[in-house]
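A.B. asks: Need coordinates for the following:
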Amino acid sequence: MSVLEGLLAGIVSVPQEETRWLVLADWLEEFDDPRRAELLRLHRKLLATCCEPEQHPERSEWQSRIVALIAEGVRPCVPQETITLPGGVGMTFSFIPPGPFLMGSDHSKGHADEKPVHCVTLTKGFYLGIHPVTQAQWKAVTGSTPSHFKGKNRPVENVSWEHCQEFCQKLSGHLKGCGTVGLPSEAEWEYACRAGTTTEFHFGDVITPDLANYNGEYTWNGSPEGKNRRETTDVNSFRPNPWGLFDVHGNVWEWCQDWGRPYSEVEQISSEQLSVQSNEYRVLRGGSWLNDPSNCRSAYRRWRGPAYREYMYGFRVCFRLD
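C.D. replies: Residues are numbered from 1 along each chain as shown. Sure thing, here's the model as predicted:
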């Protein structure tokens, strides 16, 4: 095990010990790329202040610098694990540590079901796929190819919530009891998407077609008009967020495990806590290639029946250590 691998493994074992993250940043500065160290330190500041953003006006400068570093090609340094599927197809996960965040949006052009903004604390870390499940990964596990837009590195789509459950069950068999596979809860999804930010997107309040795959013929909140690709794109085609997650805005909607329900004003403490059934719909997040930019925001919610499928509905896998 290399020094870097040891530092990352230590973080997974005790992710709430801030000293471990700072030691990692010091090591990156001395032995890797100082810019990666800067990105990591700024990201930790965002995470530490995300529930009281109004008390830290400097957050906007931190976030802008993070966005600039990632645009320069600086790779976030986070613990990751890769599993090998049948046929040698890989599936990589980023470790998302526990912590609090503000869930929802009170934007004047937002939707009623995004309110009220409320604090949620995730008590356990989890691994989340760095991008939506691809067609190659889906085929390796199930043997089928349901997608409308073909391409091994494009996200699988045209799958229902029920299909996602079947995929996760089969994937669990390949892991041979090493962990629990499923869809992320809605809270886990938004926490991972935001990565400590409180803006409408993880890169700010404005989106462009250079940053995500959505219908650029529509504008929102000052976002400029641009390209409408009219189809999915290969995963990892756009910049990641500070946890190394790609395509959390646009490309395909992502199914979550939860039933759709209104939010509560009460602070919630949760690990993979799920909502109880309150209606007939399951939650989707993230927007898609077909949608306008408002649908691709971190807080936007969509509900559909678990058997519903369309050529803009996909998912990413959540992996929890037993």
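A.B. asks: Check which helix or strand W303 maps to.
C.D. replies: Using DSSP states H and E, the element containing W303 is strand 302-304.
A.B. asks: partner strands of that strand, parallel or antiparallel?
C.D. replies: Under the criterion DSSP bridges, strand 302-304 sits next to strand 282-285 (antiparallel) in its sheet.
A.B. asks: how about the partner strand as CSV, C-alpha atoms only?
C.D. replies: Listed in CSV are the C-alpha atoms of strand 282-285, where the atom choice follows Å, rounded to 0.1, in the frame of the first residue of the first chain:
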residue,chain,number,x,y,z
ARG,A,282,-40.5,7.3,-6.4
VAL,A,283,-38.1,10.2,-6.6
LEU,A,284,-35.8,11.1,-9.5
ARG,A,285,-33.1,13.8,-9.4
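A.B. asks: Identify the residues contacting the strand holding W303?
C.D. replies: Strand 302-304 is contacted from outside by W161, W253, G260, N279, Y281, R282, V283, L284, R285, N295, Y313, using C-beta atoms under 8 Å, 6 or more residues apart in numbering. All C-beta atoms are positioned from the backbone trio N, CA, C, and that covers glycine.
A.B. asks: P306: which of these is nearest?
C.D. replies: W161 (3.9 Å; C-beta to C-beta).
A.B. asks: What is the neighbour count of that closest one?
C.D. replies: 22 (other C-beta atoms under 10 Å).
A.B. asks: cool, the one 10 residues further on as well?
C.D. replies: The local packing of L171 (other C-beta under 10 Å) involves 21 other residues.
A.B. asks: do V133 as well
C.D. replies: 25.
A.B. asks: which residues touch it?
C.D. replies: By C-beta under 8 Å, 6+ apart, the residues touching V133 are M91, P155, V156, F167, G314, F315, R316, V317.
A.B. asks: where does this structure have low pLDDT?
C.D. replies: 176-178, 271-278, 322 (pLDDT under 70).
A.B. asks: how about a cut-off of 90?
C.D. replies: Counting by pLDDT under 90, the chain contains low-confidence residues at 1, 108-111, 172-180, 223, 264-280, 320-322.
A.B. asks: how about the strands in it?
C.D. replies: 80-84, 90-96, 99-103, 118-122, 126-129, 179-182, 253-259, 268-270, 282-285, 302-304, 313-314, 318-321 (DSSP state E).
A.B. asks: Domains of the chain: list them as residue ranges, please.
C.D. replies: Domain assignment of the chain by automatic domain parsing yields the ranges 1-77, 81-321.
A.B. asks: and the end-to-end length of the last one?
C.D. replies: To tie it back to what came earlier, the one meant is domain 81-321. Chord length of domain 81-321, first to last residue, is 11 Å (C-alpha to C-alpha, to the nearest Å).
A.B. asks: ok, back up a step: buried ones only from the contacts of strand 302-304, please, as a PyMOL command.
C.D. replies: Here is the PyMOL command that selects the buried residues among those (16 or more other C-beta atoms under 10 Å):
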select buried, resi 161+253+260+281+282+283+284+285+295+313
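A.B. asks: of all the strands of the chain, which gets the most neighbours per residue?
C.D. replies: Per-stretch averages of neighbours, counted by mean count of other C-beta atoms under 10 Å, single out strand 313-314 among the strands of the chain, with a mean of 28.
A.B. asks: Neighbouring strands - and their directions - for that one?
C.D. replies: Strands flanking strand 313-314 in the sheet, each with its direction: strand 253-259 (parallel) (DSSP bridges).
A.B. asks: How about residues contacting the partner strand?
C.D. replies: In this structure, residues lying in contact with strand 253-259 by C-beta under 8 Å, 6+ apart are 132, 159-161, 164, 182-186, 188-189, 272, 274-279, 281-288, 302, 312-316.
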